[in-house]
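>>> structural data only, the sequence is not supplied:
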């Protein structure tokens, strides 16, 4: 079958929307999904700086949602017509996958970032026959259709706005999961969130549902205004004495802090804002040495990296959609939609901070 997709052919050039070809249908354990919408995540854009480790040409996109149109047998557990949210890939059989920690799959990097599954990789080509890179995050959903391991797909209520649900598979899952899973935030806890983008604002919303007092730190006034609307106490990142101000607002220091920025300065500020035994979680990948100032890890404070919100997508995504239906997790207020053909505009708006979460809608699926 042939269908439209946004292809990245070089690390420097814009995306091109063109026709691609899938040579055969789903293998056992796979599903073919007609994409309703796909979120754009900074991980997609980071491919440009991946030093060639993410192979091109490729169809990116890893926050897809859509309708199952074909299955590779009954063992997928899904049926034609099911509405699904697509999340990250994992092997399903390593120690961590078997221990309900698929985000720490032994093969996570190779499956999702640097090559994908090798089985039948060559069946996905450009219209001219040029072989595309294996599927990005098991889905490659900047496209009208995606071939996906059924393990990556989570069935959702068909009454939900399907085209907006894709970011629940990664960005919103990461922020909310960090709060609800990694930290286990509960009533009366205190949280400081550094960076009020899609991940940070999802954390803010999740913390409010859990009954926590939250401080949000960012350099963009409009992002701080959003965080305040979601019940966080806003602080500008350039505020003098930032850790002291957070400690005052949280009554002696935050029990938890989440950094989404990767900024060494803000990471040190986050550690200083913690109370004794506090926990700082990092979601951004740190590519250089991280200098920690003296005293930042004293008195039981600790720091860890959090991948995909420590989530089992099949458990957390239904929880988040139920919170949305109860008007307690209004993630849709962070989304701006673009036609798939507008992918380069969406990328520019994402990079400049003009939009929190772009979602691309394939042709014919626009409202």
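Yep, it's here. The structure displayed is predicted, hence computed values, not measured ones. Residues are numbered from 1 along each chain as shown.

>>> would you map the strands across the stretch 51-200 of the chain?
58-59, 64-71, 83-86, 124-126, 145-149, 153-156, 190-194 (DSSP state E, counting those that start in this stretch).

>>> out of those strands, which one sits most buried?
strand 190-194 (a mean of 28; mean count of other Cβ atoms under 10 Å). For the C-beta atoms, the positions are set from N, CA and C on the backbone; glycine is no exception.

>>> show me what that strand is packed against.
Secondary-structure packing of strand 190-194 (3 or more Cβ pairs under 8 Å, 6 or more residues apart in numbering; DSSP states H and E): helix 198-210, strand 213-218, strand 254-259, helix 264-273.

>>> what's the angle from that strand to helix 264-273?
170 degrees (axes from the mean of the first three to the mean of the last three Cα atoms, to 10 degrees).

>>> if you average pLDDT over strand 190-194, what comes out?
Regarding strand 190-194, the rounded mean pLDDT is 98.

>>> picking up where we left off before, would you single out the least confident of the strands of the stretch 51-200 of the chain?
strand 124-126 (a mean of 86).

>>> who touches that one?
The contact list for strand 124-126 (Cβ atoms under 8 Å, 6 or more residues apart in numbering) reads 7, 18-23, 57, 59, 131-132, 134-135, 140, 147.

>>> among those residues, name the least confidently predicted one.
Lowest pLDDT among the contacts of strand 124-126: residue 134, 80.

>>> just to revisit the earlier point, if we compare the strands of the stretch 51-200 of the chain, which one ends up closest to residue 108?
strand 145-149 (13.7 Å; Cβ to Cβ).

>>> neighbouring strands - and their directions - for the closest one?
Paired strands of strand 145-149, with direction, are strand 30-39 (antiparallel) (DSSP bridges).

>>> give me the neighbour count for the residue nearest to residue 94 when sequence neighbours are not counted.
Spatial nearest neighbour of residue 94, excluding adjacent residues (Cβ to Cβ, 6 or more residues apart in numbering): residue 106 at 4.0 Å. Number of residues near residue 106 (other Cβ atoms under 10 Å) recorded here: 14.

>>> just checking, residue 106 touches residue 95?
Yes - assessed by Cβ atoms under 8 Å, residue 106 is found in contact with residue 95 at 7.2 Å.

>>> for the protein, what are the low-confidence residue spans?
Low-confidence segments of the chain, defined by pLDDT under 70, span residues 51-52, 116, 118-122, 364-367.

>>> what about the helices in it?
42-45, 95-98, 108-112, 171-177, 198-210, 221-229, 242-249, 264-273, 313-325, 343-352 (DSSP state H).

>>> run the chain-centre distance for the fourth one.
The chain centroid and the centroid of helix 171-177 are separated by 6 Å, computed with Cα atoms, centre = their mean, to the nearest Å.

>>> can you tell me what sits against it?
39, 41, 63, 87, 167, 198-206, 258, 260, 283, 306, 308-311, 313, 316-317, 320, 329, 331, 357.

>>> switch to 6 Å and redo it
With contact meaning Cβ atoms under 6 Å, 6 or more residues apart in numbering, helix 171-177 is reached by 41, 198-199, 202-203, 206, 283, 308-311, 316, 320, 331.

>>> for those residues, which single residue is the most surrounded?
For the contacts of helix 171-177, neighbours tallied by other Cβ under 10 Å; top is residue 203, 37 neighbours.

>>> state the distance from that residue to residue 194.
Separation of residue 203 from residue 194 (Cβ to Cβ, to the nearest Å): 10 Å.

>>> how about residue 78?
38 Å.

>>> so who does the residue nearest to residue 225 when sequence neighbours are not counted touch?
Once flanking residues are discounted, residue 225 sits nearest to residue 234: 7.3 Å by Cβ to Cβ, 6+ apart. Taking Cβ under 6 Å, 6+ apart as the criterion, residue 234 is in contact with 216, 224, 227, 228.

>>> any idea how far apart the tips of stretch 47-58 sit?
Distance across stretch 47-58, first residue to last, is 10 Å (Cα to Cα, to the nearest Å).

>>> list the buried ones in it?
By neighbour count on 16 or more other Cβ atoms under 10 Å, the buried set for stretch 47-58 is 47, 54, 55, 56, 57, 58.

>>> what bridges to the last one?
The one in question is residue 58. residue 8.

>>> residues in contact with the nearest residue to residue 89 once chain neighbours are set aside?
Spatially, and ignoring its direct neighbours in sequence, residue 89 is nearest to residue 138 (3.1 Å; Cβ to Cβ, 6+ apart). By Cβ under 6 Å, 6+ apart, the contact set of residue 138 is 89, 148, 149, 152.

>>> could you do residue 280 as well?
257, 270, 271, 303.

>>> separation between it and residue 263?
Following Cβ to Cβ, the distance that separates residue 280 from residue 263 is 13 Å.

>>> gap between the nearest residue to residue 252 once chain neighbours are set aside and residue 303?
The spatially closest residue to residue 252, leaving aside those adjacent along the chain, is residue 275, at 5.5 Å (Cβ to Cβ, 6+ apart). Distance of residue 275 to residue 303, computed by Cβ to Cβ: 14 Å.

>>> cool, and residue 8?
Taken as Cβ to Cβ, the span from residue 8 to residue 303 is 33 Å.

>>> if you count surrounding residues, which of those two has more?
Shown here are residue 8 and residue 303; by other Cβ under 10 Å, residue 8 has more neighbours (24 against 19).

>>> which residues does that one contact?
The neighbours of residue 8, taking Cβ under 6 Å, 6+ apart as the test, are 15, 56, 58, 60.

>>> next, the first one: phi, psi?
Taking degrees, to the nearest 10, you get phi -70, psi 150 for the backbone angles of residue 15.

>>> tell me, how many residues neighbour residue 201?
That count, for residue 201 with other Cβ under 10 Å as the rule, works out to 31.
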